[in-house]
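>>> heads up, no residue letters with this:
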């Protein structure tokens, strides 16, 4: 074999040929895996526009000029004509995803709405590997299948004997071997083959990597006659092959959870007044019942007799501890044992918790008030010291400035948005020097200044008007520099209103994967992430959580990621009010804890994510839940003098210390959604005017500081 010396130049055509050979060999290797279908060979609906940016053999995406309601049934018919049999997965009956099986190959078809185009739909083919293949009877209906265990439930169109012959023949063709008492001895001493009005058989399958079988547990086939002449079919893992003693998985809501489970969800936390866990356990009911009796007893729970059975229950047991009452319910569905375990704090324990919380709140607020006062005092000294160090010398204008108003010569980090009439920069000059610069410059240009009550050494607010146009300016000391912000119609430039060029959004190099360590879903492929929580004093349960992240992927990909991940958490998307376009999206959800909203936008070539979730139960316990259709505003005063706040034509007195240890609850006000101007007045100080925008279902806090500043905080 000839060798190429290191450092030798290789002709480009030779490299190209090698690349083609490698690509071809990879495609051949993929095609050689008979368990994975090459989705590019499957039929597509007429009018499909394929996304050719990706060439994976296991994934295909195309756009259809029709909504999902039209596309889905047409595609189901098209693939059915090609031999693909549709089925549903156990516990996933309401999904919009279509699942198909053909031989030992699986296929999933996902649908998403076209961005900004409700009359279009995106169709995605994804190959599925079936690890436990079993045959589907021809013409079977109501097919429920999971190829990972496996599980099959369906109605065969033929009578019992014909259906039995079918499975005896087709199971053997796939490689399943019928168990006998002798071959089953490693698992059980006897095979129960007695079924009323039917028959039962057991099968095992040797390991065979070529056709996807690895460490397959024995399965049990049960056939039952129906009154209409057809046959009920169920194939599931044989009960004797499932664990009899279950291990404990991680707790949910402070309640025990066995493993293995197919799915599990919880409500509340270990500190909630009411908490609940539900799970689908891959085990027999006696094993699950034994697990809970063992684990609950270890946690101090005792059984108090039977509870009334609810639909689907086979077992219902009353439970109690010194602080809580509970109910354990177990039932069977498909091949799962369905668990529902609830715990409710007793009234006596609630009263004790309320007393402890009140004491903890008082201690917390007392400490917080003292700390805040120290921080505010230190910050006031720091600001005054920094303001004194900034030069007051007169400023000259920066030559050749392209902004509608002049810039001082030492302006830094200038941001000018002419289309929106916005200007912002920083400077090392003092607030006094910058205010004088603009008062002089704008007055000489014919602008008239409106009176302002805010003209302090560390902050000045100015308003100018001229010929029906206006400019508002805020000059504020921010650490060692001063920030200047100006807005208004006097800054709008017509040339800046040209239509923006649509962004070409780059797709992620690989499918977005969820970060398993994040409390709220976020892809592992991200350039930044932050998580903020709002908690009430004395409680560890967040009233509100908000995640922000920047994802190097298209908005379409990020939206599809969140729709899939949030659905797994039980979040339900609200179709009313959803807004989706190529550049931004906002969708409201109903989560198990309370209302939530997903907002997507574009910046710096990435998709910006804001995901906020509220906990309605925690908000109700904290008494901050607004009335239906309104927003709640809570007020506090950390100063030593009474303050008055005028908002929505109402003047509210806020006593000194309101919201503090001596008066935990300050005034509260429910308002309709909207933007509200408010004015704060303190004795011996000029009035301060700001605005607050609130939406229905929100709760905001307005906290008056000792220095007369107002801090707005969204609590819910």
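Okay, I see it. Only a predicted model underlies this, so the values are computations on that prediction, with no experimental measurement involved. Numbers count the residues shown, from 1 in each chain.
>>> and the residue found closest to residue 159 once you drop the neighbours it is linked to in the chain, how many residues sit next to it?
Nearest residue to residue 159, sequence neighbours excluded (CB to CB, 6 or more residues apart in numbering): residue 229, at 6.0 Å. Every C-beta, even on glycine, is put in place using the N, C-alpha and C of the backbone. The number of residues packed near residue 229 is 10, by other CB atoms under 10 Å.
>>> distance of residue 229 from residue 155?
Applying CB to CB, to the nearest Å, one obtains 11 Å for the distance of residue 229 from residue 155.
>>> same deal with residue 583?
49 Å.
>>> Also residue 526?
From residue 526 to residue 155 the distance is 47 Å (CB to CB).
>>> got it, and residue 356?
To residue 155, residue 356 is 58 Å away according to CB to CB.
>>> higher neighbour count, the two?
residue 155 (17 against 11).
>>> Tell me who's in contact with that one.
Contacts here follow CB atoms under 8 Å, 6 or more residues apart in numbering; on that basis residue 155 touches 140-142, 226, 230-233.
>>> How about residue 505?
For residue 505, the contact set (CB under 8 Å, 6+ apart) comprises 554-556, 582, 602, 607.
>>> what pLDDT does it get?
As predicted, residue 505 sits at a pLDDT of 79.
>>> mind checking the SS state of it?
coil (DSSP: H, G, I helix; E, B strand; the rest coil).
>>> Check residue 295 too.
Assignment for residue 295 (three-state DSSP): helix.
>>> how about the strands in the stretch 51-200 of the chain?
For the stretch 51-200 of the chain, the strands defined by DSSP state E, counting those that start in this stretch cover 59-64, 85-87, 98-102, 105-114, 117-129, 141-146, 151-156, 177-178, 198-204.
>>> Make TSV out of those and add mean pLDDT and distance to residue 435.
Below are the strands of the stretch 51-200 of the chain laid out as TSV (pLDDT from 0 to 100; distance: least, CB to CB, whole Å):
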stretch	mean pLDDT	distance to residue 435
strand 59-64	92	56
strand 85-87	97	72
strand 98-102	96	66
strand 105-114	90	52
strand 117-129	89	51
strand 141-146	96	71
strand 151-156	98	75
strand 177-178	94	91
strand 198-204	95	87
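>>> Let's have those strands in a markdown table, adding distance to residue 461.
As requested, the strands of the stretch 51-200 of the chain are arranged in a markdown table below (distance: least, CB to CB, whole Å):
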| stretch | distance to residue 461 |
| --- | --- |
| strand 59-64 | 52 |
| strand 85-87 | 66 |
| strand 98-102 | 60 |
| strand 105-114 | 46 |
| strand 117-129 | 45 |
| strand 141-146 | 65 |
| strand 151-156 | 69 |
| strand 177-178 | 85 |
| strand 198-204 | 81 |
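>>> Can you check which of these gets nearest to residue 492?
Residue 492 lies closest, by CB to CB, to one member of the strands of the stretch 51-200 of the chain: strand 117-129, at 32.3 Å.
>>> got a list of contacts for the closest one?
Here strand 117-129 has contacts from 35-39, 42, 44-45, 48, 57-68, 71, 75, 99, 105-114, 147, 212, 556, using CB under 8 Å, 6+ apart.
>>> do the same with stretch 702-709
Contact partners of stretch 702-709, identified using CB under 8 Å, 6+ apart, comprise 372-373, 376-377, 380, 633-640, 643, 645, 654, 659, 678, 680, 682, 685, 688, 692, 710-713.
>>> of those residues, buried ones?
Neighbour-count burial (16 or more other CB atoms under 10 Å) is assigned, among the contacts of stretch 702-709, to 372-373, 376, 633-639, 643, 645, 654, 659, 678, 680, 682, 688, 692, 710.
>>> In strands only, show me the residues you listed.
633-637, 643, 645, 654, 678, 680, 688, 692, 710 (DSSP state E).
>>> Which members of those are the farthest-apart pair?
634 and 688 (18.7 Å).
>>> Highest neighbour count among the contacts of residue 155?
Busiest of the contacts of residue 155 [other CB under 10 Å] is residue 231, holding 26 neighbours.
>>> my read: it touches residue 159, true?
Yes - Residue 231 is within contact range of residue 159, at 6.5 Å (criterion: CB atoms under 8 Å).
>>> which residues do those two both contact?
Counting by CB under 8 Å, 6+ apart, the shared contacts of residue 231 and residue 159 are residue 225.
>>> What values do phi and psi take at the nearest residue to residue 78 once chain neighbours are set aside?
In this structure, residue 78 finds its nearest non-sequential neighbour in residue 43, 5.5 Å apart by CB to CB, 6+ apart. Dihedral pair for residue 43: phi -70, psi 150, per degrees, to the nearest 10.
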